[in-house]
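Enquirer: show me the folded form of this:
(2 chains)
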2 protein chains.
Amino acid sequence: MSRLLGIDREAVRAAAAGVRRGEELDDDAAAEVFARGAWTGLVEPGDRVAGALVTAYGAAAALDATRTGALPALPEVAAATDRWAPRLEAQLALRAFRNAAHLGARLVLPGDADWPDRLGDLGHHTPIALWCLGAPERLTAVQRSIALVGARASSGYGERLATEASAGLADRGFAIVSGAAYGIDGVAHRAALASGGTTIAVLAGGLDRFYPAGHVQLLTRIAREGAVVAELPPGFAPTRWRFLQRNRVIAALAQATVVIEAGARSGSLNTAAHAGSIGRPVGAAPGSVFSATSAGCHRLLREFGAVCVRDAADMAELVTGPGEQVPLEGLHLDRAGDPTEQRVLDALTGRPRPVVEIARGSGLSVADALGALGMLQLTGAARETTGGWARGRA
Amino acid sequence: MSRLLGIDREAVRAAAAGVRRGEELDDDAAAEVFARGAWTGLVEPGDRVAGALVTAYGAAAALDATRTGALPALPEVAAATDRWAPRLEAQLALRAFRNAAHLGARLVLPGDADWPDRLGDLGHHTPIALWCLGAPERLTAVQRSIALVGARASSGYGERLATEASAGLADRGFAIVSGAAYGIDGVAHRAALASGGTTIAVLAGGLDRFYPAGHVQLLTRIAREGAVVAELPPGFAPTRWRFLQRNRVIAALAQATVVIEAGARSGSLNTAAHAGSIGRPVGAAPGSVFSATSAGCHRLLREFGAVCVRDAADMAELVTGPGEQVPLEGLHLDRAGDPTEQRVLDALTGRPRPVVEIARGSGLSVADALGALGMLQLTGAARETTGGWARGRA
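Expert: Numbering: from 1, shown residues only, chains lettered A, B, ... in the order given. Modelled structure (predicted):
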């Protein structure tokens, strides 16, 4: 075991043990835990070079090589180590582990039973690890999950829809993934909890920074009954950049992303964009064309090929198999019924008339009119009297 | 000139002249007018065999051959002549011409300068002729036109949208085609008239049966300022079958069909289906998922690949060239701006800090942070002071 960031073996084991309680860690396992945790604070989320190096060398060896300057002499790598240099400090990493242990957080790693394998679709942008509050095995619930996201400044319409959708999806066994923001996100988390479903909140900052402030209680409840995860370690504030990167984690955790309500430039469109970029289905709920909070959804429907979703059943269908796209002619057949019978029915009145008049009125031969009248008589739609045929009482 | 339906030459010329005022008709032209008008009452709208025979033989010869039994001995033709037989009467045709002349209607024929060539996309289902009230040259306005259709039981939302859309399209030089029904159709016609645009109503029955009763005044105004057309001659009532066939004429007249509001089984979905079946663009307006009057529009968006249209500009775009479908990643780039500058901006506060702190906060090298700070200084987003860098006042 190398001296990671120059820290001695015992300190590495102690740091790792604090975020992997109930586990026996040998030196290698402790080094892996420590190195991955250190990487989450060393680089900004989604750092492609870090992802590639960790994949190629392993987290501990890559961290060591970064510190000792033993990395390949490539311009991209040199640029990366330059941008990492200001944070390449043992104290910064140790402090993150101490804070995480104090919070009772766990560091979940790729390869763990609880690790959501779906994150791997992000390629070199896959999170190096996730800090988690709440029973980490709940993360496996994302195997059947939908991200419900939307406007912070939501309307009553969007909140009603988010509530019904989240509850309906929870009833169908879906976990609800969202970002804990005000508005749609919060409503989606709450409705999932109220329905006894699993819900997972993904933060843009560290687990010690429950954000927004007004959702501290909600996040506390999610941590207790679901899970709250963060890519950055404790001590890191949410920033605009980190919100955008956080959105990729929401999109990658869930099987599909649904935007319930969104302004024309809402951050939830970014989540939809991430979902689309890794081939995940994207749904958007329609709304009033006069409502600014539906403008983003309509952009998704119109410009980006999102699927129009009206309720939980539609959203579940994004995942369980799309309803086949029926050609428009389908509707035509669907509507018209049997043309001959319809035409005879149109020609019938309450007053009985001879069949030749019915034939003339419907533009049919007497034989065809009689055939259709027979069928209509069976269903009660036509009746025969001494004076001829009339509309039935059915 | 054969004796059409056994009527003599003078009677044919008189009948034709009554619906082609201001024209000198020779015997052949009169026979063509009379025969096509007779066909419109002999068969139900959209009769494929009639359409094929008229195309193959010419209207007059086909009519003559039908009367004399000189048609090819094909099962389909035999079935057709059987169904036409009850209406194969000279008096029926003559009465239609008399009524039409009395109304001041004109019979517009394929090949006329006023004939909307676009109807030919219906193939053998093309109307054999159109009865028209209003200056027939207004039919040429459909060269740039959109059909606005929708629920009879419309909501205030749908009516507002129909009004704004119709007026906006009229302002852009589009004629508005619709079916004169209560609800969305009527609103669309009225808003087009109010905007000084051209509007065309297509009836399911004859021109002497303005329908619905509550729209007699509206239809009178449309006949005066736009045009009212019917495929069936005067004397024929609208029936359910004829409404469905009428919808194909609406769809074929217009360059695109837009459903503003529709229940899940609304007749306007049938118009959309006809438009789709002849390759015309179909738009559907979104609305509340809780509104029954938007359910049909959402079906179109979800199941039938209709384009989500929010306003007149979107509807015009159906025709003038669709906005290119942008991959979802486009949104991502659209949102994120320059990543380096964004990360530096995130790290800046009101209190000046040394560049190395800014670099650490943003996860960038000192050199990259300085570069970004320079750019941000230019836009006023960052400022340099003796204590370091701070957020700008811009």
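Enquirer: for the rest of this, base every contact and every neighbour count on C-alpha atoms.
Expert: Fine.
Enquirer: phi first, then psi, for the residue of the stretch 251-394 of chain A found nearest chain B.
Expert: When distances are taken as Cα to the nearest Cα, the stretch 251-394 of chain A reaches nearest to chain B at A:S365, 3.4 Å away. Here is the backbone geometry of A:S365 (degrees, to the nearest 10): phi -70, psi 160.
Enquirer: could you do A:T68 as well?
Expert: Here is the backbone geometry of A:T68 (degrees, to the nearest 10): phi -90, psi 0.
Enquirer: ditto for A:G58
Expert: According to degrees, to the nearest 10, A:G58 has phi 90, psi 150.
Enquirer: how many residues are close by it?
Expert: The number of residues packed near A:G58 is 15, by other Cα atoms under 10 Å in any protein chain shown.
Enquirer: quick one on the thing from earlier: what separates the closest residue to the residue of the stretch 251-394 of chain A closest to chain B other than its chain neighbours from A:D368, distance-wise?
Expert: In space, and not counting its chain neighbours, A:S365 is closest to B:R83: 3.4 Å by Cα to Cα, 6 or more residues apart in numbering or on different chains. Separation of B:R83 from A:D368 (Cα to Cα, to the nearest Å): 7 Å.
Enquirer: check contacts around the residue of the stretch 251-394 of chain A closest to chain B.
Expert: In this structure, A:S365 makes contact with A:359, B:79-86, judged by Cα atoms under 8 Å, 6 or more residues apart in numbering or on different chains.
Enquirer: quick one: which of those sit in helices?
Expert: Assigned to helices by DSSP state H, the following of the contacts of A:S365 qualify: A:359, B:79-84.
Enquirer: buried ones among those?
Expert: Buried residues within these, defined by neighbour count using 16 or more other Cα atoms under 10 Å in any protein chain shown: A:359, B:80-84.
Enquirer: with distance to B:A60 and pLDDT as added columns, please give those residues in a markdown table.
Expert: Output for these, formatted as a markdown table (distance: Cα to Cα, whole Å; pLDDT from 0 to 100):
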| residue | distance to B:A60 | pLDDT |
| --- | --- | --- |
| A:A359 | 24 | 89 |
| B:A80 | 17 | 91 |
| B:T81 | 15 | 92 |
| B:D82 | 19 | 91 |
| B:R83 | 19 | 91 |
| B:W84 | 16 | 94 |
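Enquirer: and which of those residues is nearest A:R106?
Expert: B:A80 (79.2 Å; Cα to Cα).
Enquirer: which residue sits closest to that closest one, ignoring its sequence neighbours?
Expert: B:V49 (6.8 Å).
Enquirer: what packs against whatever helix or strand that neighbour lives in?
Expert: In the assignment (DSSP states H and E), B:V49 maps to helix B:48-57. Under the contact criterion of 3 or more Cα pairs under 8 Å, 6 or more residues apart in numbering or on different chains; DSSP states H and E, helix B:48-57 touches helix B:59-68, helix B:75-84.
Enquirer: return the most buried member of those helices.
Expert: Ranked by mean neighbour count, those are led by helix B:59-68 with a mean of 21 (mean count of other Cα atoms under 10 Å in any protein chain shown).
Enquirer: what is it packed up against?
Expert: So helix B:59-68, by 3+ Cα pairs under 8 Å, 6+ apart, packs with helix B:27-42, helix B:48-57.
Enquirer: in the first one, what counts as buried?
Expert: Residues of helix B:27-42 classed as buried by neighbour count (16+ other Cα under 10 Å): B:30-42.
Enquirer: ok, stretch A:13-25 next?
Expert: A:13-20, A:25.
Enquirer: may I have that stretch exported as PDB, CA atoms only?
Expert: Taking C-alpha atoms only, stretch A:13-25 is exported to PDB below (Å, rounded to 0.1, in the frame of the first residue of the first chain):
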ATOM      1  CA  ARG A  13      -7.600   2.800   7.600                       C
ATOM      2  CA  ALA A  14      -9.200   5.000  10.200                       C
ATOM      3  CA  ALA A  15     -10.600   7.400   7.600                       C
ATOM      4  CA  ALA A  16     -12.000   4.500   5.500                       C
ATOM      5  CA  ALA A  17     -13.500   2.700   8.500                       C
ATOM      6  CA  GLY A  18     -15.500   5.800   9.500                       C
ATOM      7  CA  VAL A  19     -17.500   5.700   6.300                       C
ATOM      8  CA  ARG A  20     -17.700   1.900   6.000                       C
ATOM      9  CA  ARG A  21     -19.100   0.900   9.400                       C
ATOM     10  CA  GLY A  22     -19.700  -2.800  10.100                       C
ATOM     11  CA  GLU A  23     -17.100  -3.900   7.600                       C
ATOM     12  CA  GLU A  24     -13.700  -5.500   8.000                       C
ATOM     13  CA  LEU A  25     -11.400  -3.600   5.600                       C
END
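Enquirer: and it, how far out from the chain middle?
Expert: 32 Å (Cα atoms, centre = their mean, to the nearest Å).
Enquirer: quick check: mean pLDDT of it?
Expert: Averaging pLDDT along stretch A:13-25 yields 96.
Enquirer: show me where the stretch 251-394 of chain A has strands.
Expert: Remark: strands assigned in the stretch 251-394 of chain A by DSSP state E, counting those that start in this stretch are A:256-261, A:282-284, A:307-308, A:382-385, A:388-391.
Enquirer: hey, least reliable of these by pLDDT?
Expert: strand A:382-385 (a mean of 86).
Enquirer: adjacent strands (with direction) for it?
Expert: strand A:388-391 (antiparallel) (DSSP bridges).
Enquirer: now the stretch 1-150 of chain A against chain B: closest residue?
Expert: Counting by Cα to the nearest Cα, the stretch 1-150 of chain A gets nearest chain B through A:R83, at 3.4 Å.
Enquirer: helix, strand, or coil at the residue positioned nearest the centre of chain A?
Expert: For chain A, A:A147 is the residue whose C-alpha lies nearest the centre (Cα atoms, centre = their mean; 2.3 Å). Secondary structure, DSSP: H, G, I helix; E, B strand; the rest coil: A:A147 is strand.
Enquirer: for it, report the pLDDT, please.
Expert: 98.
Enquirer: mind listing the residues bridging to it?
Expert: Beta bridges link A:A147 to A:V177, A:T257 when assigned by DSSP bridges.
Enquirer: sorry, back to before: which neighbours do B:R83 and A:D368 have in common?
Expert: A:A359.
Enquirer: next, give phi and psi for A:P281.
Expert: The phi/psi pair for A:P281 (degrees, to the nearest 10) is phi -60, psi 140.
Enquirer: residues touching it, list them.
Expert: A:255-257, A:275, A:306-307, A:318-319 are the contacts of A:P281 under Cα under 8 Å, 6+ apart.
Enquirer: what do you get if the cut-off is 6 Å, keeping everything else the same?
Expert: Residues in contact with A:P281 (Cα atoms under 6 Å, 6 or more residues apart in numbering or on different chains) are A:A256.
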